[in-house]
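Undergrad: One predicted model, sequence on top.
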Amino acid sequence: MFERCIGLSWCSGCRIYSGNMVHVPRKQVLVDVLASLPREQRERLERSETRLIEFLDRQARGGRM
C-alpha cells in the first residue's frame with residue numbers, strides 16, 4: 001500500500017534541512033524537479049550537495065538558475 005522514501009524538509013529562512021523516513025502511497029507520482037534540466041547541469045548539481053540545495057532553494061523561492 002505504501003513505499004518508504006527518504007523525505008527531506010528544507011527551511012529557506014534558516015537554511016536548515018532535515019531528513020526522515022516517510023511513507024508515500026504507491027500510486028502517488030513523485031515530481032523530479034531536475035528532470036527538465038540538461039544532462040550536464042543535472043549531473044553537476046548531483047555531484048555537489050551545496051549546489052543542489054542552492055538550486056532547490058531558488059526553485060522554492062520562484063527564481064531560476
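TA: Perfect, I can see it now.

Undergrad: How many neighbouring residues does H23 have?
TA: 11 (other C-beta atoms under 10 Å). All C-beta atoms are positioned from the backbone trio N, CA, C, and that covers glycine.

Undergrad: ok, it - contacts?
TA: Shown in contact with H23 (C-beta atoms under 8 Å, 6 or more residues apart in numbering): F2, E3, R4, C5.

Undergrad: and it, what element?
TA: Assigning secondary structure by DSSP states H and E places H23 in strand 16-25.

Undergrad: That strand: partners in the sheet, and parallel or antiparallel?
TA: Here strand 16-25 is paired, per DSSP bridges, with strand 2-11 (antiparallel).

Undergrad: Now do the strand it pairs with: distance to the chain's middle.
TA: From the chain centre to the centre of strand 2-11 is a distance of 10 Å (C-alpha atoms, centre = their mean, to the nearest Å).

Undergrad: Only C-alpha atoms, please: export it in CSV.
TA: Only the C-alpha atoms of strand 2-11 are listed here, as CSV (Å, rounded to 0.1, in the frame of the first residue of the first chain):
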residue,chain,number,x,y,z
PHE,A,2,2.9,2.4,0.8
GLU,A,3,6.5,2.8,-0.2
ARG,A,4,9.2,4.0,2.2
CYS,A,5,11.1,7.0,1.0
ILE,A,6,13.6,9.4,2.5
GLY,A,7,11.9,12.8,2.8
LEU,A,8,13.9,16.0,3.1
SER,A,9,12.4,19.1,4.6
TRP,A,10,14.1,22.4,3.8
CYS,A,11,13.6,25.8,5.6
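
Undergrad: So what touches it?
TA: Taking C-beta under 8 Å, 6+ apart as the rule, strand 2-11 contacts 16-26, 30, 53, 56-57, 60.

Undergrad: Among these, which one sits closest to R39?
TA: Nearest to R39 among these: L56, at 18.3 Å, using C-beta to C-beta.

Undergrad: Check which helix or strand the closest one maps to.
TA: helix 49-60.

Undergrad: which helices and strands sit right next to that helix?
TA: strand 2-11, helix 39-46 (3 or more C-beta pairs under 8 Å, 6 or more residues apart in numbering; DSSP states H and E).
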